[in-house]
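Student: okay, sequence plus prediction incoming.
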Amino acid sequence: MNQIYYFSGTGNSLRVATVISEQFADCEIIPISQKVNQNSIELKGETVGIIYPVYYDDVPEVVEHFLKKVKVPQETYLYAIATLGSKKSGSFETINRLTSGQLSYGKHITMPSAQLRIYDVLPKGDALNALIHSSEKAIKEAIEDIKNRETINPSELQWHNRNPLYRIFRKPWLKSLPKIDSDFHTDANCNSCGICQKICPMNNIHYQDGQPVWNGHCQDCHGCINACPKRAIQIKNKTSKKKRYIHPNITLKALIINENNSN
């Protein structure tokens, strides 16, 4: 038996989890958001993967909460795959620390960034296709490393590996999360389709008078903004002209976690 736990807003990490799972027999893919509220989480499997996007040089808050509750059997090969818009992060140090030094392997995979709050960073045309192609190659490399039980370079687990800006921006961002969705809104293009509600990995959206309302449990993944077929969800006045992104090999149906939700 093998397990993969993932957190994904726009499909990058889900794509990695899906491709890896296809190469291992009896592999279960589990959304982290569906387990994080349990008091204790025992990981079960010959291999267990933690796959996530990097936010402010580290794991998303929900992944950190999840890791604080997991129990990793000594015989389990625990690996982490971080998807990010840059080259590396300090997230492996966090995972290794929270799992009492049991992280066996980690790999960063550069993928398109869907972070729309500050920048319009999505590559265009051939550059986007090249980045997707490069990431698919990196996933295959990770699969071979996992099959061969490669181990992480100890230098990846050191605090000095973190971006110097981590200390400046990470804590304020974490403190802002309970209110970070307060500036999300819909424009006149909203047709009350309910997709945003269904794909939200945190089950953070309900409908009131035919419009989505955010409930203050946002992880700032921007899945709802990028998945909206009408481009109707905005952050203040910052995003109306910015491109949207869902991983091209991941369907909206695959991203849906809250299938039973309806508006």
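Tutor: Cool, got the structure.

Student: could you look up the SS state of residue 249?
Tutor: Three-state call for residue 249 (DSSP: H, G, I helix; E, B strand; the rest coil): coil.

Student: just use 38 as the starting number from now, easier for me
Tutor: Got it, first residue is 38 now, which makes that one residue 286.

Student: which residue packs closest to it, ignoring adjacent ones?
Tutor: residue 52 (5.6 Å; CB to CB, 6 or more residues apart in numbering). Where you see a C-beta, it was placed from the backbone N, CA and C, and this is true even at glycine.

Student: again, but for residue 225
Tutor: Excluding its sequence neighbours, the residue lying closest to residue 225 (CB to CB, 6+ apart) is residue 269, at 7.7 Å.

Student: which of the residues in stretch 54-63 are buried?
Tutor: Neighbour-count burial for stretch 54-63, counted by 16 or more other CB atoms under 10 Å, picks out 54-58, 61.

Student: what's the burial count for the closest residue to residue 211 other than its chain neighbours?
Tutor: Sequence neighbours aside, residue 98 is the residue nearest to residue 211 in space, at 6.1 Å (criterion: CB to CB, 6+ apart). Residue neighbour count, defined by other CB atoms under 10 Å, stands at 18 for residue 98.

Student: who touches residue 98 in this structure?
Tutor: 92, 211, 214, 256 (CB atoms under 8 Å, 6 or more residues apart in numbering).

Student: distance check, the last one against residue 176.
Tutor: Going back to what we said before, that points to residue 256. 23 Å (CB to CB, to the nearest Å).

Student: where does the residue lying closest to residue 238 once chain neighbours are set aside land in three-state SS?
Tutor: Closest residue to residue 238 apart from its sequence neighbours, by CB to CB, 6+ apart: residue 70 at 4.6 Å. Following three-state DSSP, we place residue 70 in the helix state.

Student: the one 3 residues further on now?
Tutor: Classification of residue 73 using three-state DSSP returns coil.

Student: quick check: buried residues in the worst-scoring helix or strand of the chain on mean pLDDT?
Tutor: Lowest mean confidence among the helices and strands of the chain (mean pLDDT, DSSP states H and E): helix 203-213, at a mean of 88. In terms of neighbour count (16+ other CB under 10 Å), helix 203-213 has its buried residues at 207, 210.

Student: now do the helix or strand just after that helix: everything it contacts.
Tutor: Using DSSP states H and E, the helix or strand that follows helix 203-213 in sequence is strand 221-223. Strand 221-223 is contacted by residues 248-249, 251, 255, 261-262, 269-273 when judged by CB under 8 Å, 6+ apart.

Student: and of the residues you listed, the nearest to residue 79?
Tutor: Of all the contacts of strand 221-223, the one with the least separation from residue 79 (CB to CB) is residue 255, at 28.4 Å.

Student: what's the closest non-adjacent residue to the closest one?
Tutor: Nearest residue to residue 255 in three dimensions, chain neighbours excluded: residue 218, at 3.9 Å (CB to CB, 6+ apart).

Student: distance check, the one you found against residue 271.
Tutor: Residue 218 sits 12 Å away from residue 271, taking CB to CB as the criterion.

Student: which residues does residue 55 contact?
Tutor: Counting by CB under 8 Å, 6+ apart, residue 55 touches 66, 287, 291.

Student: just checking, the second one touches residue 51?
Tutor: Yes. Taking CB atoms under 8 Å as the definition, residue 287 is a contact partner of residue 51 at 5.5 Å.

Student: remind me which residues of this structure are low pLDDT?
Tutor: Applying pLDDT under 70 to the chain picks out residues 156, 158, 196-198, 295-300.
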